[in-house]
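Asks: Based on what follows, work out the 3D shape:
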Amino acid sequence: MIETDLSSFTNKEYRPGSAVKRVLWYLVSLFFFRTAFPWPSGFKVVLLRLFGARIGQGVVLKPSVAIKYPWFLAIGDHSWIGEMVWIDNLVSVSIGSNACISQGAMLLTGNHDYKKSRFDLMAKPIILEKGVWIGAKSVVCPGITCYSHSVLSVGSIATSNLNSYSVYSGNPAKEIKSREILEG
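Replies: Next up is the predicted model:
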């Protein structure tokens with residue numbers, strides 16, 4: 001029977017950017033993003049844009065947010081990124097306008113192929129359309145699209161796409177009801 005051999009793992013095909021850019025981002029991230037100090041969101045937006053992120057107006061970035069590579073990140077206007085959110089964007093993550101990602105949520109674009117002895121890296125983009133709410137401590141897996149105004153409730157894991165205006169819960173997350181939005 002063939003066994004997993006992590007010593008044969010190579011990441012040669014994956015090119016996330018120059019080593020210099022990654023080291024610079026790591027240092028900037030360490031001092032201004034992965035810290036509990038409440039640096040102003042506007043300042044952090046400027047830093048993200050300097051590293052190639054496409055960030056809209058009025059975006060709120062709370063303390064202790066981890067972003068793997070800002071050059072693979074787009075965030076629409078007036079979206080909120082909560083404390084301890086981890087955006088593990090090995091490839092593109094697109095967050096629409098007026099989206100909310102609550103405390104401790106994770107957006108994971110990478111995984112490993114457990115069927116191969118080399119444990120190959122697999123990465124797929126994540127799309128969160130406008131008005132999406134990802135609840136605290138929830139996980140969005142690689143390749144998932146959360147369509148307009150869908151909700152992933154606290155502690156849930158999205159392993160398939162979320163329909164628009166629907167609320168999902170559980171592991172794996174299942175649709176539990178429609179989302180109705182009232183004026184006010």
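Asks: List the buried residues in the longest helix seen in the chain.
Replies: Counting residues, the longest helix in the chain under DSSP state H turns out to be helix 19-32. For helix 19-32, burial by neighbour count (16 or more other C-beta atoms under 10 Å) applies to W25, V28, S29, F32. C-betas here are computed from N, CA, C, even on glycine.
Asks: V23 versus G17, what's the distance?
Replies: 10 Å (C-beta to C-beta, to the nearest Å).
Asks: S7: neighbour count?
Replies: S7: 6 surrounding residues under other C-beta atoms under 10 Å.
Asks: Tell me the secondary structure of it, please.
Replies: Going by DSSP: H, G, I helix; E, B strand; the rest coil, the secondary structure assigned to S7 is helix.
Asks: What's the separation between it and R118?
Replies: On the measure of C-beta to C-beta, S7 and R118 end up 9 Å apart.
Asks: Over to W25?
Replies: From W25 to R118 the distance is 27 Å (C-beta to C-beta).
Asks: Same check on V140?
Replies: From V140 to R118 the distance is 26 Å (C-beta to C-beta).
Asks: These two - which one has more neighbours?
Replies: V140 (28 against 14).
Asks: Is it correct that the more buried one is in contact with S102?
Replies: No. Under the criterion of C-beta atoms under 8 Å, V140 makes no contact with S102, lying 12.0 Å away.
Asks: Please consider this matter closed, and thank you.
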